[in-house]
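>>> no sequence for this one, just the structure:
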């Protein structure tokens, strides 16, 4: 069974500071991994995805994530936070190699607060 | 290119009524997924459908919930005899055929049961 753990339900940073959101996964087969962002009262927007190609994945809005198999991690980073980055972020795993047909298992989410 | 569309955006039902949530996938997408977001529980998979077929309903409650994706028209998530515990945000996502089944989400329907 797949699972995702996001360390830290709330992360607070200053504008211009490094953003680091942590995600660890468990999967019985090579996973596909995703980061989504959700703004209040909206749906989820795909930030980036890992699909067994390059381990360092670049996404939209200056975010990137690195897949580390040895650590079963897929942490999300951004060098310099902007006020508009304040939102909730979800890490998700898709066990596409199995029989789940791509259904996503989500972490509990991390609320990012950016203060001036 | 329109994204995933869901309606209504907000739905209020009294206990015991039926709720019907609609989802129109992105153009060219043939896979539809429904997820539920409950307070304090996060996002959970409910059901995965292709046209006229339910492929995986392992996340659906056994009673009162059903889903369909007809040959023509939107996918429907139906909740019969709603209870307060059904109050949640329901999200639909769609993807095209082929790996990695990258999913695009709609804005959600927020169901409130009074």
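Looks like it came in fine. Since the structure is predicted, the reported quantities are computational estimates derived from the model, not experimental observations.
>>> neighbours of residue A:115, how many?
11 (other Cβ atoms under 10 Å in any protein chain shown). All C-beta spots, glycine's among them, are computed from the backbone N, C-alpha and C.
>>> quickly list what it is bridged to.
residue A:14 (DSSP bridges).
>>> who's in contact with it?
For residue A:115, the contact set (Cβ atoms under 8 Å, 6 or more residues apart in numbering or on different chains) comprises A:12, A:13, A:14, A:15.
>>> from chain B, how far out is it?
Distance of residue A:115 to chain B, computed by Cβ to the nearest Cβ, to the nearest Å: 25 Å.
>>> start to end distance for stretch B:41-61?
15 Å (Cα to Cα, to the nearest Å).
>>> next one: stretch A:77-89
First-to-last residue span, stretch A:77-89, Cα to Cα: 11 Å.
>>> tell me the bridge partners for residue 38.
In the absence of a named chain, this looks at chain A. residue A:44, residue A:88.
>>> wrong chain, I was asking about chain B
residue B:42.
>>> between the contacts of residue A:115, which sits nearest chain B?
Checking those against chain B with Cβ to the nearest Cβ, the nearest one is residue A:12 at 20.3 Å.
>>> buried sites along the strand or helix carrying the closest one?
Following DSSP states H and E, one finds residue A:12 within strand A:10-14. Buried positions in strand A:10-14, judged by neighbour count with 16 or more other Cβ atoms under 10 Å in any protein chain shown: A:11, A:13.
>>> in the next helix or strand after it, what's buried?
As assigned by DSSP H and E, the chain's next helix or strand after strand A:10-14 is strand A:19-26. By neighbour count, and taking 16+ other Cβ under 10 Å as the criterion, the buried residues in strand A:19-26 are A:19, A:21, A:22, A:23, A:24, A:25.
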